[in-house]
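Novice: Predicted structure and sequence below. I'll ask about it afterward.
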Amino acid sequence: MYKIGIDVGGMSIKAGLVDDGEIIKKSIKETNKSGGADNMIDDITQLVNNLLDESGLSIEEISSIGIGFPGVVTSGGRVSCVNLGLDNALIVSQLEKNFKGTHVKVGNDANVAALAEYAYGSMNGYNSGVMITLGTGVGGGIVIDGKLIIGENGVGAEIGHTMVATNYYDCNCGNNGCFETFCSATAIIKYAQKLLEKNRKSIIRDMCENNINNITAKMVFDAYKENDEVALEIVNRFKKYLAIGIANIVNFIDPSVISIGGGVSNASDILLDGLSEAVKQHLPFKKTEIGDIVIAKFKNDAGIIGASAL
Ligand SMILES: [Zn+2]
């Protein structure tokens, strides 16, 4: 049977008809950020109907509809996304009324991405896996024996907000020292800006046309490949804290695999080079083996595919 996966983002809602982890058809709509729960339910209903119309399928041929949201989703299915005007919204029951006979499941987007990797991607075949998504922030997802671990209140697996050290700027969450303030694309850009403001010589300056607001994480990794001194400093700092962040995961869970995704994972060669060894340096049992560290398979489609696997 087919499944439908829906990826709710700040800009768009993307729905996909999925068959065994492969997207067969997509339907996309702009996100109405001020519409609240009722509007969200209407938009999702419309997208599902579009997929059914375009594929000539009936709802009876869809075994489940899964939806990933960029916010907190409790085990009872309540959804809170501050940016989308959803506050403890009950989405599931209304959608199950709209699509009788079909199960509707909801999850957090980072958790859903982990599920995509576990079910069909880089973590497939392992018993337990932890995914860390290095993007604008750092997201996390924990899957053990096929089950997502989200915690009692739906706020577990927030790996990006585990504390790794004192940092020179605070996290958006209000705390200081969060993993994502060291290991996100934002963290890389901010540290590059900080070093270039000190008049340090670097080819990044040419790359960003002398405007530090134009700096991207890719520029820093490209400059690293050219042995640029500033880029070396930024990337080495990033890698140091990546190893510490992963060591924390190993200390807590010791998963069979850790998968790294998100935009920063495009620099996979640089990220993985020496990473396992560096992680072990931060563990109490340095000679013990640790799980594999791999790069995520899915890029933009992780949200749809993972939601379909909920
Ligand atoms: Zn934080």
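Specialist: It's in. Numbers count the residues shown, from 1 in each chain.

Novice: Now do the helices in the stretch 151-300 of the chain.
Specialist: Under the criterion DSSP state H, counting those that start in this stretch, helices of the stretch 151-300 of the chain are mapped to 180-183, 185-197, 204-207, 217-225, 229-252, 268-272, 275-281.

Novice: Kindly report the same for the stretch 1-150 of the chain.
Specialist: 36-55, 92-98, 109-120.

Novice: Distance to the ion added to these, as a markdown table?
Specialist: For glycine as for every other residue, the C-beta is placed from the backbone atoms N, C-alpha and C. Below are the helices of the stretch 1-150 of the chain laid out as a markdown table (distance: least, C-beta to the ion, whole Å):
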| stretch | distance to the ion |
| --- | --- |
| helix 36-55 | 26 |
| helix 92-98 | 29 |
| helix 109-120 | 14 |
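
Novice: ranking those by burial, who's on top?
Specialist: Most buried of the helices of the stretch 1-150 of the chain by mean neighbour count (mean count of other C-beta atoms under 10 Å) is helix 109-120; its value is a mean of 27.

Novice: helices and strands around that one, which ones?
Specialist: Using 3 or more C-beta pairs under 8 Å, 6 or more residues apart in numbering; DSSP states H and E as the contact definition, the elements that helix 109-120 packs against are strand 2-8, strand 62-69, strand 128-134, strand 138-144, strand 147-148, strand 257-261, helix 302-308.

Novice: Give me the phi and psi for the residue of the chain positioned farthest from its centre.
Specialist: Ranking residues of the chain by C-alpha distance from their mean position (C-alpha atoms, centre = their mean) puts Asn199 at the top, at 34.4 Å. Per-residue torsions, Asn199: phi 60, psi 30 (degrees, to the nearest 10).

Novice: What pLDDT does the model give it?
Specialist: Note for Asn199: predicted pLDDT of 88.

Novice: about what we covered before: of all the helices and strands packed on helix 109-120, which one comes closest to the ion?
Specialist: Closest approach to the ion among the helices and strands packed on helix 109-120 is made by strand 138-144 (9.0 Å; C-beta to the ion).

Novice: Run the angle between that closest one and helix 185-197 for me.
Specialist: Orientation check (axes from the mean of the first three to the mean of the last three C-alpha atoms, to 10 degrees): strand 138-144 against helix 185-197 gives 150 degrees.

Novice: Parallel or antiparallel, which strands does strand 138-144 pair with?
Specialist: strand 128-134 (antiparallel), strand 147-148 (antiparallel) (DSSP bridges).

Novice: give me every residue that touches Phe182.
Specialist: By C-beta atoms under 8 Å, 6 or more residues apart in numbering, the contact list for Phe182 reads Val164, Ala165, Asn167, Arg237, Phe238, Tyr241, Leu242, Gly245.

Novice: So which residues on the stretch 151-300 of the chain come close to the ion?
Specialist: Contact residues (C-beta under 5 Å from the ion) of the stretch 151-300 of the chain with the ion: His161, Cys171, Cys173, Asn175, Cys178.

Novice: The first one contacts Gly177, doesn't it?
Specialist: Going back to what we said before, that points to His161. No. Using C-beta atoms under 8 Å, His161 makes no contact with Gly177, being 9.5 Å away.
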